[in-house]
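[1] sequence isn't available, so here's the structure alone:
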């Protein structure tokens with residue numbers, strides 16, 4: 001049977017469309033899958049590298065702190081005096097009631113709580129009791145002889161036991177300094193250890209290891225004992241030793257790592273300084289404070305550390321977020337029931353969850369890369385791995401995300417391709433049957449012209465697009481249609497030209513009249529611009545005595561003034577400060593309102609210092625005697641874009657008026673701070689010498705103390721300009 005032209009046309013169109021859509025869909029699917037996989041691996045690698053750098057810098061910081069602290073004269077003196085006091089305690093007999101109190105504390109508090117975090121029931125007191133006279137004496141006075149001591153670490157606030165001993169007198173002299181250091185830098189404990197005997201003569205936390213012997217005592221097999229033995233074997237000055245995380249009984253079997261270094265007094269070793277490293281800092285780094293989604297890790301992405309024993313050194317995300325599903329996964333993997341019970345009781349996978357995956361083995365072997373793999377739960381994942389560069393530790397770091405989640409966009413793409421194909425083929429068949437070549441030719445001409453217009457307008461080639469128009473062909477109806485379309489397009493073009501001109505004029509006005517950050521937001525299409533912050537920094541700048549520049553040459557004076565104004569504006573942009581010119585040579589600058597910064601006050605102070613530099617350079621070059629007065633305040637501000645008659649960005653808040661009055665009140669050529677700004681200097685530990693003026697500023701009948709900064713005082717750390 002011979003097909004008609006319409007049937008042939010329809011068959012050809014349907015077949016062509018089907019083949020084309022199938023090929024394009026297949027190519028698109030494979031290319032999209034490959035691109036998505038590469039992009040996901042790139043993202044996982046960037047996350048892993050960033051976290052690796054954070055962990056490595058954290059351990060390097062600890063090494064540097066330990067090394068510097070061991071050479072500090074105060075620490076050396078503490079080691080010598082506390083050790084002497086500790087030895088003299090050994091000359092005292094320990095009453096029986098002391099030993100009874102110690103046993104009561106261990107059996108009633110420490111050992112039952114330790115048993116919760118350990119396997120095998122309640123441990124025996126005999127295995128943990130202190131044996132030396134000094135240790136028993138100190139544990140009684142600093143650990144058990146306090147009714148409020150429900151936790152051993154609560155004793156770290158006790159400076160003097162009140163027993164009248166030489167040890168307690170020395171302890172009171174040094175304890176506050178060690179305790180403040182521990183709190184500030186987030187360590188779990190700080191130890192002073194006798195080099196010769198291995199006895200812990202001082203501890204900030206005052207746990208049950210306090211006063212025990214690390215060479216022969218109950219904790220001789222602990223990580224702390226290992227690092228002490230390592231230092232004793234190789235006591236190189238300022239050389240830091242480290243041991244990996246392991247359960248530490250005095251801390252109720254919680255994971256602990258230790259770093260230690262010898263303490264030298266001249267050429268003599270007088271002791272060992274050690275830090276107990278908590279897992280919290282590493283946990284926060286690896287979990288991004290449990291903000292995986294904000295980090296772009298989706299619903300299943302995580303980064304974790306694996307030790308040389310193929311056990312985790314950070315928590316699994318799935319334990320923290322989806323505990324029930326996590327336990328089902330590890331049960332299916334055949335993990336020991338006792339280990340699962342410990343993970344459940346301790347709510348941690350550290351030192352408990354094995355990770356014997358291909359990525360973990362590669363990372364611990366010192367390799368770096370990525371792969372499609374199976375993780376410790378038995379789930380298919382995209383995995384990127386590498387080794388952490390930490391001296392003394394062999395740790396690998398792995399970033400992973402479930403394959404199902406990573407490739408979910410590909411599944412949606414395939415579904416859309418199939419749906420589009422199923423819908424498109426009948427449409428092609430229907431249209432092809434009724435259309436003919438004569439009918440399609442003029443229509444195709446219209447389509448092609450429209451497509452060219454769209455492309456050229458999309459590429460902003462407006463001149464070429466404006467030159468295009470429809471060429472009527474075919475039947476008279478098409479010719480009439482083409483003519484009408486050309487009239488319509490001509491009208492639309494006129495409107496588009498006018499719109500482009502108005503938009504350009506509006507954006508030029510916005511850029512010149514608004515702060516740069518606000519103008520950019522307006523340019524990007526944001527309409528309702530409103531900002532507020534609880535802590536912005538405001539600077540008021542007043543430049544006077546311009547008549548000293550060129551009294552007889554007003555034009556030159558105005559030119560120099562304009563040049564100085566440009567310099568101030570340029571510096572403000574570098575420091576992230578929105579500058580608002582006032583009358584004359586008065587300026588108001590704001591940092592931290594339209595663009596949030598962690599350090600707006602420091603940026604303002606750096607900007608002020610830069611302005612003084614500009615004025616000094618200007619006066620030196622021109623022989624002028626310009627005066628610069630600056631006032632600074634901090635506090636909440638509100639700002640918003642006014643679109644009424646005049647385009648304007650208004651800022652409201654007391655700090656603007658306070659900064660102005662402080663600037664007026666302070667002496668000429670000075671940097672003056674409000675009371676709030678002066679307190680901010682102290683909070684940020686900025687090394688400026690401040691002097692309170694006798695005359696305060698007055699704002700709305702409020703008296704504002706004013707402080708003057710001595711600019712010849714040592715400068716604080718300068719911020720790098722963005």
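    Nice, I can see it. Just so we're clear, the structure is a prediction, and the values are computed from it rather than from any experiment.

[2] which residues does the host helix or strand of residue 242 contact?
    Of the helices and strands defined by DSSP states H and E, residue 242 is found in strand 241-248. The contact list for strand 241-248 (Cβ atoms under 8 Å, 6 or more residues apart in numbering) reads 59, 63, 117-118, 222-224, 226-227, 230-231, 234, 253-261, 276-277, 279, 307-308, 313, 350-351, 390-393. C-beta coordinates here come from the backbone N, C-alpha and C atoms, glycine included.

[3] one more time with 6 Å
    With Cβ atoms under 6 Å, 6 or more residues apart in numbering as the test, strand 241-248 has contacts from 222-223, 226-227, 230-231, 253, 255-260, 307, 313, 392-393.

[4] out of these, which end up buried?
    Buried subset of these (neighbour count, 16 or more other Cβ atoms under 10 Å): 222-223, 226-227, 230-231, 253, 255-260, 307, 313, 393.

[5] and whichever helix or strand comes after the strand holding residue 242, what does it pack against?
    Sequence-wise, the next helix or strand downstream of strand 241-248 (DSSP H and E) is strand 254-265. Counting contacts by 3 or more Cβ pairs under 6 Å, 6 or more residues apart in numbering; DSSP states H and E, strand 254-265 packs against helix 5-70, helix 73-89, helix 223-233, strand 241-248, strand 268-277.

[6] and strand 254-265, how far from the chain's centre?
    For strand 254-265, the distance from its own C-alpha centre to the chain's C-alpha centre is 28 Å (Cα atoms, centre = their mean, to the nearest Å).

[7] let me see the mean pLDDT of that strand.
    What strand 254-265 shows for mean pLDDT is 95.

[8] who does it pair up with?
    With DSSP bridges as the test, strand 254-265 is paired with strand 241-248 (antiparallel), strand 268-277 (antiparallel).

[9] as a markdown table, the ones you listed with mean pLDDT, mean neighbour count and distance to residue 140 would be great.
    What follows is the strands paired with strand 254-265, written out as a markdown table (pLDDT from 0 to 100; neighbours: other Cβ atoms under 10 Å; distance: least, Cβ to Cβ, whole Å):
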| stretch | mean pLDDT | mean neighbour count | distance to residue 140 |
| --- | --- | --- | --- |
| strand 241-248 | 94 | 22 | 23 |
| strand 268-277 | 96 | 22 | 23 |
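
[10] what's the closest of the helices and strands packed on strand 254-265 to residue 382?
    The closest approach between residue 382 and any of the helices and strands packed on strand 254-265, judged by Cβ to Cβ, belongs to helix 5-70 at 5.4 Å.

[11] what angle separates that closest one from strand 268-277?
    Using axes from the mean of the first three to the mean of the last three Cα atoms, to 10 degrees, the inter-axis angle of helix 5-70 relative to strand 268-277 is 150 degrees.

[12] what's the mean pLDDT across helix 5-70?
    Across helix 5-70, the per-residue pLDDT values average to 81.

[13] likewise stretch 288-305?
    Per-region confidence: stretch 288-305 scores 90 on mean pLDDT.

[14] in that stretch, what counts as buried?
    Of the residues in stretch 288-305, those scored as buried under the neighbour-count criterion (16+ other Cβ under 10 Å) are 288, 292, 295, 297, 298, 300, 301, 302, 303, 304, 305.

[15] if we can go back for a sec, so which of the strands paired with strand 254-265 comes closest to residue 405?
    Closest to residue 405 of these, according to Cβ to Cβ: strand 241-248, at 30.0 Å.

[16] and the closest one, how far out from the chain's middle?
    The gap between the average C-alpha position of strand 241-248 and the chain average comes to 27 Å, counting by Cα atoms, centre = their mean.

[17] for stretch 547-564, same thing?
    The chain centroid and the centroid of stretch 547-564 are separated by 48 Å, computed with Cα atoms, centre = their mean.

[18] name the residues that touch it?
    622, 624, 625.

[19] so which of those residues wins on neighbours?
    The residue in those with the most neighbours, by other Cβ atoms under 10 Å, is residue 624 (18 neighbours).

[20] looking at it now. What's its pLDDT?
    Confidence at residue 624, expressed as pLDDT, is 82.

[21] SS state for it?
    For residue 624, the assignment made with DSSP: H, G, I helix; E, B strand; the rest coil gives coil.

[22] now swap in residue 294 and tell me
    Following three-state DSSP, we place residue 294 in the coil state.

[23] excluding its backbone neighbours, what's nearest it?
    residue 288 (7.1 Å; Cβ to Cβ, 6 or more residues apart in numbering).

[24] do I have it right that that neighbour meets residue 295?
    Yes. The pair residue 288 and residue 295 qualifies as a contact (Cβ atoms under 6 Å) at a distance of 4.8 Å.

[25] and stretch 213-222, how far out from the chain's middle?
    A distance of 40 Å separates the centroid of the chain from that of stretch 213-222, by Cα atoms, centre = their mean.

[26] with stretch 247-260 instead?
    Distance, stretch centre to chain centre, for stretch 247-260: 28 Å (Cα atoms, centre = their mean).

[27] show me the beta-bridge partners of the residue nearest to residue 230 when sequence neighbours are not counted.
    Take residue 230 and drop its neighbours on the chain: the residue closest to it by Cβ to Cβ, 6+ apart is residue 241, 4.3 Å away. When bridges are taken as DSSP bridges, the partners of residue 241 come out as residue 260.

[28] for residue 322, see how far away the spatially most central residue of the chain is.
    The residue lying closest to the centre of the chain (Cα atoms, centre = their mean) is residue 288, at 7.7 Å. Using Cβ to Cβ, to the nearest Å, we find residue 288 at a distance of 17 Å from residue 322.

[29] and residue 316, by the same measure?
    Using Cβ to Cβ, one obtains 10 Å as the distance from residue 316 to residue 322.

[30] between those two, who's got more neighbours?
    Using other Cβ under 10 Å, the more surrounded residue of residue 316 and residue 322 is residue 316, with 26 against 15.

[31] give the contact list for the more buried one.
    By Cβ under 6 Å, 6+ apart, the residues touching residue 316 are residue 349.

[32] about what we covered before: pipe the strands paired with strand 254-265 into a markdown table and attach distance to residue 599 per row.
    Conversion of the strands paired with strand 254-265 to a markdown table gives the following (distance: least, Cβ to Cβ, whole Å):
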| stretch | distance to residue 599 |
| --- | --- |
| strand 241-248 | 33 |
| strand 268-277 | 28 |
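
[33] ok, residue 315 - how many residues close by?
    Counted by other Cβ under 10 Å, the residues lying close to residue 315 total 24.

[34] again, but for residue 131
    Other residues near residue 131 number 12, with proximity taken as other Cβ under 10 Å.

[35] quick check: the gap between it and residue 274.
    Using Cβ to Cβ, we find residue 131 at a distance of 21 Å from residue 274.

[36] do the same with residue 129
    For residue 129 relative to residue 274 (Cβ to Cβ), the value is 23 Å.

[37] repeat for residue 162
    Noted for residue 162: a distance of 27 Å to residue 274, by Cβ to Cβ.

[38] and for residue 137?
    Distance of residue 137 to residue 274, computed by Cβ to Cβ: 22 Å.

[39] do a quick rundown of the strands in the stretch 51-200 of the chain.
    Using DSSP state E, counting those that start in this stretch, the strands of the stretch 51-200 of the chain run over 189-193, 200-203.

[40] how distant is the shortest one from the center of its chain?
    Taking the mean of its C-alpha atoms, strand 200-203 sits 36 Å from the chain's own mean (Cα atoms, centre = their mean).

[41] parallel or antiparallel, list what pairs with that strand.
    Strand partners for strand 200-203, identified by DSSP bridges, are recorded as strand 189-193 (antiparallel).

[42] mean confidence for the strand it pairs with?
    Along strand 189-193, the predicted confidence averages to a pLDDT of 97.
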